[in-house]
Each structure stands twice: as C-alpha cells, then as structure tokens.
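Enquirer: fold the following and give me the result.
(one chain, ligands or ions: 1)
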Amino acid sequence: MMERLLEVKDLSISFGGIKAVQDLNFHIDKGEVLALIGPNGSGKSTTVNMISGVYIQNKGTITFDGKEIPTKMSIADRAKLGIARTFQTPKPFAHLNVFDNIYTIALQQNSKAQAVELTNEILNLTKLYDLKDTKSAKLSIEKRKWMDLARCMATKPKIIMMDEVMAGLNPSEMESSLDLIRTINKEGITVLFIEHVMKAVVSVCTRAIVLNQGKLLCEGEPRTVLNDPQVVAAYLGGEANVTGN
Ligand SMILES: Nc1ncnc2c1ncn2[C@@H]1O[C@H](COP(=O)(O)OP(=O)(O)OP(=O)(O)O)[C@@H](O)[C@H]1O
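Expert: Numbering: from 1, shown residues only. Okay, the predicted model is just below:
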C-alpha cells in the first residue's frame with residue numbers, strides 16, 4: 001500500500017473577485033512523480049504557493065507526512081518539514097558561484113563541515129561539479145535550472161515542487177533535465193511536476209492531475225488524461241495534443 005506524503009482537501013483561495021483555486025482535493029504518494037497540468041491561469045502556481053506557504057488559503061487543509069500544516073506556519077518552517085520548490089524564473093544569488101549558491105542553503109541546517117560534504121554530494125549528483133566555480137549569472141538557462149534543483153536538494157527535501165523546469169530548454173537539454181529529475185526521484189524524493197511540455201509529462205510522470213479555472217478537471221495516467229475530451233477542450237485542442245505518441 002502506497003503511503004501518502006501530501007494531501008490537500010477543499011483548498012481554496014481568491015484574489016479580489018478571482019477564485020484562483022476552488023475546493024481542490026488531491027494527494028501525492030511517497031516516491032511519486034505527479035504532474036500538475038492545466039492551461040495558463042488555471043491555478044497551478046497558486047496551489048504550489050499555498051503548499052509552500054507563500055499564500056495562505058482561505059479554506060481547506062494541507063496535510064504533509066501525516067500532519068496538518070497550521071496555516072500560520074512560515075515558509076522556512078515548511079522547508080524544514082521537507083517541502084521544497086523551484087520558481088518559474090530561478091532565483092539564485094547571481095554574484096555567488098555554483099558551489100556557494102548550494103553551500104549557503106546547506107549551511108542553514110548543517111555544520112560547516114557537513115554543509116561542504118552535502119554540497120559536494122549534490123554537485124556530483126546533479127552533474128554540476130565541473131561548474132562549481134562558475135558565477136551563477138554566467139550559467140546557461142539549463143544549468144541555472146539544475147542549480148535551482150541542487151539548491152532545493154540542499155534542504156534535504158521530501159518533496160520538490162518543480163514549476164516549469166522545461167521552459168526555454170531545447171530538446172536535448174530537455175532529455176538531460178528529465179534524466180536529472182529521474183535521478184532526484186531515485187534518491188527517494190517525491191516530485192510535483194508543473195509543466196506545459198506534455199512530452200516531458202508523459203516521459204517522467206506516473207500520474208497527472210489537471211486543473212481548469214481553479215478546479216480539478218480530472219486525474220489519471222498521463223496519456224489517458226491528455227486524451228480526455230474535457231482536457232483537450234480545456235486546452236482548446238492545443239498543447240494537450242502532444243501526447244508523446
Ligand atoms: N497574487 C495574485 N494576485 C491576484 N491574482 C493572482 C495572484 N496570483 C495568482 N492570481 C490569479 O490566479 C489565477 C491562477 O494563476 P496561477 O498563476 O496559479 O495559474 P497557473 O496555472 O500557474 O498559470 P501559468 O501556467 O500561466 O503559470 C490567475 O487568474 C491569476 O491571475
């Protein structure tokens with residue numbers, strides 16, 4: 001029997017008159033790579049923002065690793081529980097090199113010696129070791145995104161919520177980034193994968209949930225979901241056509 005890592009119940013938030021997320025229910029099992037997809041503005045990033053504590057929901061609960069997260073719990077305390085996320089636009093310390101970008105995060109919960117060891121492990125795992133002395137501002141988009149994932153790893157997360165890590169990458173960069181995601185998942189880290197590139201979703205995810213206008217539209221095996229007429233209609237026959245077939 002799979003164990004649940006994250007469960008959201010009746011999660012809702014409005015901005016002014018806009019119901020950005022409405023009565024959302026879903027769960028992620030430990031070790032899963034779950035896709036969170038849906039057209040622009042359907043509420044994906046807002047959902048991640050509520051789980052990570054950037055926004056506080058108006059209604060509903062978030063349960064992580066068996067415990068309900070108090071609405072007032074800070075972003076930092078949620079990170080300590082094991083909740084990590086990337087941003088659509090990576091936010092590294094531009095003036096620091098790759099090593100120090102990861103090390104500064106590792107240092108938050110480790111001694112100096114432990115932080116060095118953890119940083120080196122992560123540099124090897126993410127294949128960034130050769131770039132450790134490069135200033136992050138000089139990295140390609142692909143490597144900047146890898147470094148963003150590496151910085152998440154430095155918090156020793158149980159889950160990483162990845163917000164459009166494939167955006168702006170060419171096909172070969174996408175392949176190597178998908179390999180990295182598989183490597184991270186093999187380390188026992190659960191992944192919530194927000195993505196518009198459906199080929200990537202089909203390639204790496206075991207299950208997908210689809211949002212439309214803030215509500216859950218459907219969920220299931222990625223290829224099945226992408227062929228669902230409701231999903232095709234929500235995307236107006238656009239991106240959902242790319243099923244990887
Ligand atoms: N801070 C905010 N203030 C006002 N409205 C917001 C705010 N954040 C999100 N919204 C609105 O909530 C809705 C959902 O937006 P969200 O960014 O979660 O969608 P998304 O599915 O992540 O879209 P995309 O695929 O374009 O990133 C949109 O109508 C958006 O304009």
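Enquirer: show me which residues of the protein are close to the ligand?
Expert: 15, 18, 20, 38, 40-46 (Cβ under 6 Å from any ligand atom). Backbone N, C-alpha and C define where each C-beta goes, glycine included.
Enquirer: now intersect those residues with the helices, please.
Expert: Within the residues of the chain next to the ligand, residues falling in helices by DSSP state H are 44-46.
Enquirer: could you dump the residues you listed to CSV with pLDDT?
Expert: Output for those, formatted as CSV (pLDDT from 0 to 100):
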residue, pLDDT
Lys44, 96
Ser45, 95
Thr46, 97
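Enquirer: who wins on neighbours among those?
Expert: Lys44 (25 neighbours; other Cβ atoms under 10 Å).
Enquirer: now the residues of the chain next to the ligand as TSV including distance to Val210?
Expert: Formatted as TSV, these follow (distance: Cβ to Cβ, whole Å):
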residue	distance to Val210
Phe15	21
Ile18	19
Ala20	16
Gly38	5
Asn40	13
Gly41	14
Ser42	8
Gly43	11
Lys44	10
Ser45	15
Thr46	15
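Enquirer: so which pair among those residues is furthest apart in space?
Expert: Largest separation among the residues of the chain next to the ligand by Cβ to Cβ: Phe15 and Gly38, giving 17.1 Å.
Enquirer: these two: which is more packed in?
Expert: Gly38 (26 against 11).
Enquirer: my read: the more buried one touches Ala234, true?
Expert: Yes - Gly38 is within contact range of Ala234, at 7.0 Å (criterion: Cβ atoms under 8 Å).
Enquirer: overlap in contacts, the two.
Expert: Listed as contacting both Gly38 and Ala234 by Cβ atoms under 8 Å, 6 or more residues apart in numbering are 210, 212, 217.
Enquirer: could I have stretch 34-51 exported to CSV, CA atoms only?
Expert: Provided in CSV are the C-alpha atoms of stretch 34-51 (Å, rounded to 0.1, in the frame of the first residue of the first chain):
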residue,chain,number,x,y,z
LEU,A,34,2.9,13.6,-10.1
ALA,A,35,2.1,16.0,-12.9
LEU,A,36,0.1,19.1,-12.2
ILE,A,37,-1.1,20.4,-15.5
GLY,A,38,-3.7,22.8,-16.9
PRO,A,39,-4.0,25.9,-19.2
ASN,A,40,-2.4,29.2,-18.3
GLY,A,41,-4.0,30.8,-15.2
SER,A,42,-5.7,27.5,-14.1
GLY,A,43,-4.2,27.8,-10.6
LYS,A,44,-1.1,25.6,-10.7
SER,A,45,1.4,28.1,-9.3
THR,A,46,-1.1,29.3,-6.8
THR,A,47,-1.5,25.8,-5.5
VAL,A,48,2.3,25.4,-5.1
ASN,A,49,2.3,28.9,-3.4
MET,A,50,-0.2,27.7,-0.8
ILE,A,51,1.6,24.4,-0.1
